[in-house]
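In: below: sequence and its predicted model.
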Amino acid sequence: GLGSNKSATSDKASSDKPKVIKVAYATTNFPITYQNSKKQGDGYDVAIMREIDKQLPQYKFDYVGTSDDDVLIGVKSGKYQVGVKNIFYTADRAKTYLFPKNYFGVSDSGFVVRTKDKDKFGGLAKLAKNKGKLVPIAPQNGQYGVIAEYNKNNDPKIDLGSADTFVVSDALKWVNEGRYDAFFAIRPMFEANVEKKNGANADLKGKLSYVTLGGIKTYPLFNKDQKEFAAAYDKVIKKIIDSGKASELSEKYFGQDNFKLLDQPFK
Amino acid sequence: MSLNTDFMVKVAQTAIQGVPVTLQIVLVALVIAFPIGILFALIRIYRVKGLQRLVQFYVSLVRGTPIIAQILIVYSAFPSLLNMIIGRAAFAINPIYYAYIVFTLNAIATLTEVFRSALQTVDKGQMEAGLMVGMQPRQTFWRIILPQALISALPNIANTTLYLIKNSSLAFIMSVKDITAIAKTEAAFNYNFLEAYLVVWVYYLIICYAAEVVFYLLERYFSKYRRPIKKTSGFNWLPFGIKQPKLERKQS
Amino acid sequence: MENIKLIINFLGQLLPAINITLIVSVSSIILGSLLGLLLAAARLSESVVLRVLASVYVSVVRATPAIIMIFVVYYGMPMLFNDWFHTNIDGWNRMYFVIIALTVLFSAPVSEIMRSAYESIAKGQMEAGLMVGMTPFQTLYRIILPQAFVVALPNFANSVINLLKEGALTFTIGVVDMVAKAQMIVANNSGGYAWQTYCALALIYWVISLAIDKGVSQVEKSYQAKRKTIAV
Amino acid sequence: MLTIEGLKKSYAGNDILKGISIDVNKGDVISIIGPSGSGKTTLLRTMTTLEEADGGHLTFAGVDKDFEKLTGKEVNTIRRNVGFVFQNYNLFNNKTALQNITEGLIVARKVKKSEAEKIALKALERVGLTDRKNHYPSQLSGGQQQRVGIARAIALNPEVIFFDEPTSALDPELVGEVLKVMQDLASSGTTMVVVTHQMSFARDVSNRVIFMADGHIVEQGAPKAIFEKPSEQRTKKFLTDILANV
Amino acid sequence: MLTIEGLKKSYAGNDILKGISIDVNKGDVISIIGPSGSGKTTLLRTMTTLEEADGGHLTFAGVDKDFEKLTGKEVNTIRRNVGFVFQNYNLFNNKTALQNITEGLIVARKVKKSEAEKIALKALERVGLTDRKNHYPSQLSGGQQQRVGIARAIALNPEVIFFDEPTSALDPELVGEVLKVMQDLASSGTTMVVVTHQMSFARDVSNRVIFMADGHIVEQGAPKAIFEKPSEQRTKKFLTDILANV
Ligand SMILES: Nc1ncnc2c1ncn2[C@@H]1O[C@H](COP(=O)(O)OP(=O)(O)OP(=O)(O)O)[C@@H](O)[C@H]1O
Ligand SMILES: Nc1ncnc2c1ncn2[C@@H]1O[C@H](COP(=O)(O)OP(=O)(O)OP(=O)(O)O)[C@@H](O)[C@H]1O
Ligand SMILES: [Mg+2]
Ligand SMILES: [Mg+2]
């Protein structure tokens, strides 16, 4: 039956040989998880996992680059023991997967809006109140859950549409043209496309602005059977964050220390 | 690993709203592409000067480029262009119309080739006989040639249709919510994608099977003249039918 | 100008991945065609069991979306092998799973293409073959198939080009062909330069499909003298 | 009524018809005889515009033009005024025997369906196939198929009927019946052009015999003259060969 | 050499063959005559296993069995020892005239290609088509196609050759030639079973004539006996009808 291939996934780490852990990462989440020019896994989430690997001699991590869908289904079925792809926590997900106690990163999430409409749509409540149109979000993306969660607890609600993953530069154009009013995005994306000198949408510089909503904690996703491994992770990740290593990686991949965002409220 | 059956039931209930959307896209695409496909096929068969190159170009371009690239143009670039002409009303267009356009364009390209092959299985003498009883080429074509060509075309139209049914899920990129889209959206909250896909699969199996039966019946209808005289044993359900008729092939 | 430079640059990045696209496609086309041939033979056979089995297979496979097929193969097959043969194939190159999934997906429509083409050939051709002493198989191979081949060709090209474009499927389990590579390039550019990237991708596919069209026309042209179709 | 002058046709550089002139008068029954490959079928097909001629002039049904210059409308007029019985039947595969006949009446001649069926049944009766009216061509024997083909042409009651070896696939038993039908047609004034190897028909029914060889008309005239005193060597040899193998 | 007993065949409940027994000896030339629809074609097709019989026994080429019990191997043996000339030609559309003949030699008889071509050319010469050897069936006239069909069968030099109206689509001129070929074959000891309407052939070449009607053998015997003193009323009527329309 399902998950009977215990040979590779046994919960007990044998003492002599390091146990192989398959870490699945999505390859299209730059700069959080992606494949670099050397065809190796890269990105903040992957880098943090490498740090954890260093601290856990009883485990040896094996990185598998794949699609978003496969990360989720693979971890659930036990083909991969852990998966990373900028995952946010929700209570529903915790029923299907094993979330560790401790988060391992923070995502700088925000809205891209027209600079002239920054005050009208630059925030969850503002967008809801002014009936702004939000670019549809791919449901498998964590951001979808964030808005859905907001709608559950607040009134007026944001008009939340869904669509399969679409092309970022088009979404930026749509906001600029007025087809939509806000685009839920992460800061590095906006910077790479608009702010950077030869970014793909450098022509929109000044016309569009990025408004940070706040920081969202991100987690690696464990297979339900990996309780022991998750516990080991929990111990190590605390140390890595406390030592400042995580902030350092955040600077490297996101250009700023996202952990600081946790001090502010999410708006 | 166990399946979350409660969730599957819930997905099944919500995803059913996507069934009409999927069917709409497929039907619109087929109905428009059918006559145009025939026309294009004829242009190629009879090597109509000028047009024949155009059709060939169209088929290779549409068939040869990834649908995602076509969606990019139709859904993203086209409304922006429209915006400059008719203003913001361009953004109020229901995205399903873009889906119609994309899938119709693709169906035309595929069906052109399907008909091109099928029409050439009909013997030339059939057209000549029609002309010689005074029918116009056009009349002979609709009444004599096409019905015979359909026998060989129908299995391939069925292929095209099933392909369309499955590929219409790409319309979700344009925020059109078909069966797959709704199931995926449901799964987003608890990451039960496996269950969601299984439900989707069941829906596709049902829809595709229904389509197959329709095409099988059509094929039987159009090939009735090839069978020896025999009392038909009632309704014969493909593919689970036990006895299939042995087809008599045309003499030539 | 700027755009053309970009497109050329992306072409350079995409082309190395054509290896994977070709290896995967060519092997599944060959394997899928063979399987499709067997299926078509089964559907035309006298045996009720074979006919029913083949038609159920064709119905189910044709109704299965690519993404579900790849998951069934990628997750289901290792389980089967584990339970039945007690071998662990988890470690296989993921490309094998892709090839298997595509082979299965390709075989079903191709069997229908072959069946309809076969049935469009006059029955007398088989009889004449039998009566000069050839076996049914020899007649099939030397007389029927060459004629059916020309009928099947345009439809076969349809399916082949569809298969070539099934990059989304390979990428689902992380095998990087051209489509996947394009998605990764877009992602690594933080979502920028999307249309230039896809334009490069479309160009490559277009060239391949043009080549296929050319081949098809060539074969059809050389065959035109041998049949009396409604064409002039 | 129908005049052809200097009709030429070649296939891929091979001249098959090398300038044929024929004059068909109302009520004529013309037999065309000649060896295999001499171009008889090709002549019938180019005369009826089934095949494009390379040269020649046509006068028929109000049309008076060179073959190459015929407009689509004129081609239609010509086709609507001729009937054609094919050597290899060419029945509509997807229509029953009855429908094969009504098709042209309903679609091309705009006859009402019930009326067309009446005419068709009468035609089927003439060829002795009333009981096969609901059979498809694939369910008929070769002989039966050809009889339907003849019925289809006569039902249209056209100005001229062209027959391309109408009896070659028929059983001798039935040849008699069909010939009787053709004789009837002849005496009721129907104009006919018949490619045939049935010497009895050529001799007894037709009023003119044309002997073709190698794309030329070698000799033509009254049956009596041709059969009893052929003036050309080629004709003599052909007739001797034929009469040796009845 | 070939014996059939009680051969039965029905289509969709209609009995077409109602128990036919035939005995073919080496060197026999048997003509089968009879009205259209009497089951002549069906008889030839069931005898040669092209069509499955519903009942009856066969002895031929080392096989001695009921028709229903023939194994695939035995069917192959039978087919490899007969030749067949079809009423509607059935040439291989994708092969030239020459290839149509060499195909069976090379593939089924394992003759070397150069050798096969030599044999094929000789066969084509016999039917007068050497100059058409590289034409495809779609480029040949009906008569030419049938002659290639005959050449294909004789090139295989089988134990028995079955002909289904081999001359019905041929010009009278050529009928003579083909009949001469068949006569040659007969005198060189080839066994033949010929469905024919060529009474001259039945009378002059064959050594036995079988008259069929309604799925039965009505009468059989030496040509002289059948043609001059038929004992059955049915036969008499058939012969009178035929001889009236030569
Ligand atoms: N489509 C074609 N391409 C090339 N040659 C052709 C074509 N059709 C006919 N021919 C040639 O033209 C010549 C005349 O053919 P046609 O069919 O008119 O002869 P026919 O007198 O009707 O002979 P038959 O009595 O055997 O029917 C033949 O030699 C034939 O091979
Ligand atoms: N596949 C079939 N299905 C139904 N009836 C058939 C089929 N084939 C033949 N028949 C019928 O069987 C009868 C005998 O046909 P067959 O072809 O053997 O006659 P035949 O003696 O060869 O006639 P002809 O001289 O016209 O060729 C005919 O009445 C025909 O309609
Ligand atoms: Mg002819
Ligand atoms: Mg017959």
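Out: Looks like it arrived, so ask away. Ligands and ions are numbered 1, 2, ... in the order given.
In: skipping its backbone neighbours, what lies nearest whichever residue of chain D sits closest to chain B in space?
Out: Using CB to the nearest CB, the closest approach of chain D to chain B is made by D:Gly104 at 2.8 Å. For glycine as for every other residue, the C-beta is placed from the backbone atoms N, C-alpha and C. Nearest residue to D:Gly104 in three dimensions, chain neighbours excluded: B:Val133, at 2.8 Å (CB to CB, 6 or more residues apart in numbering or on different chains).
In: which other helices and strands contact the helix or strand hosting C:Ser209?
Out: Per DSSP states H and E: C:Ser209 is located in helix C:194-223. Here helix C:194-223 touches helix A:168-177, helix B:51-64, helix B:67-71, helix C:2-14, helix C:145-164, helix C:178-188, going by 3 or more CB pairs under 8 Å, 6 or more residues apart in numbering or on different chains; DSSP states H and E.
In: buried set for the fifth one?
Out: Along helix C:145-164, these residues count as buried under the neighbour rule (16 or more other CB atoms under 10 Å in any protein chain shown): C:145-148, C:150-164.
In: around chain E, pick out the residues from chain C.
Out: Within chain C, the positions lying close to chain E (CB under 8 Å from any CB of the partner chain) are C:122, C:124-125, C:127-135, C:138, C:142-143, C:146-147, C:223, C:225-228.
In: which helix in the chain has the most residues?
Out: If you meant another chain, say so; for now it's chain A. In chain A, with assignment by DSSP state H, the single longest helix is helix A:227-242.
In: actually it's chain D I care about, not the one you picked
Out: Per DSSP H, chain D has its longest helix at helix D:172-187.
In: what's in contact with it?
Out: If you take CB atoms under 8 Å, 6 or more residues apart in numbering or on different chains as the criterion, helix D:172-187 is touched by D:29, D:126-128, D:143, D:147, D:150, D:154, D:161, D:163, D:166-167, D:170, D:192, D:194, D:198, D:200-201, D:205-206, E:35-36, E:197, E:199, E:238, E:241-242, E:244-245.
In: ok, now stretch C:208-217?
Out: In contact with stretch C:208-217 (CB under 8 Å, 6+ apart) are residues B:56, B:59-60, B:63-64, C:153-154, C:157, C:160-161, C:164.
In: please repeat the previous calculation with a cut-off of 10 Å.
Out: B:44, B:56-57, B:59-65, B:113, B:116-117, C:18, C:21-22, C:25, C:150, C:153-154, C:156-158, C:160-161, C:164-165, C:178 (CB atoms under 10 Å, 6 or more residues apart in numbering or on different chains).
In: which non-adjacent residue is nearest B:Ala187?
Out: Looking at B:Ala187 with CB to CB, 6+ apart, the closest residue is B:Ala196, at 3.8 Å.
In: that neighbour is in contact with C:Phe71, isn't it?
Out: No - using CB atoms under 10 Å, B:Ala196 is not in contact with C:Phe71; the gap is 11.5 Å.
In: buried among the contacts of helix D:172-187? Make that a ChimeraX selection.
Out: Written as a ChimeraX command, the selection of buried residues from these, which uses 16+ other CB under 10 Å, is:
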select /D:29,126,127,128,143,147,150,154,161,163,166,167,170,192,194,198,201,205,206 /E:35,36,197,199,238,241,242,245
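In: now, which of the contacts of helix D:172-187 lie within strands?
Out: Assigned to strands by DSSP state E, the following of the contacts of helix D:172-187 qualify: D:29, D:161, D:163, D:192, D:194.
In: and the residue of chain C closest to chain E?
Out: C:Val132 (2.8 Å).
In: so what's the residue nearest to that residue when sequence neighbours are not counted up against?
Out: Leaving aside its sequence neighbours, C:Val132 sits nearest to E:Gly104 (CB to CB, 6+ apart; 2.8 Å). E:Gly104 sits next to C:128-129, C:131-134, C:138-139, E:80, E:83, E:92, E:111, E:116, E:120, E:152-153, E:155-156, E:158 when contact means CB under 10 Å, 6+ apart.
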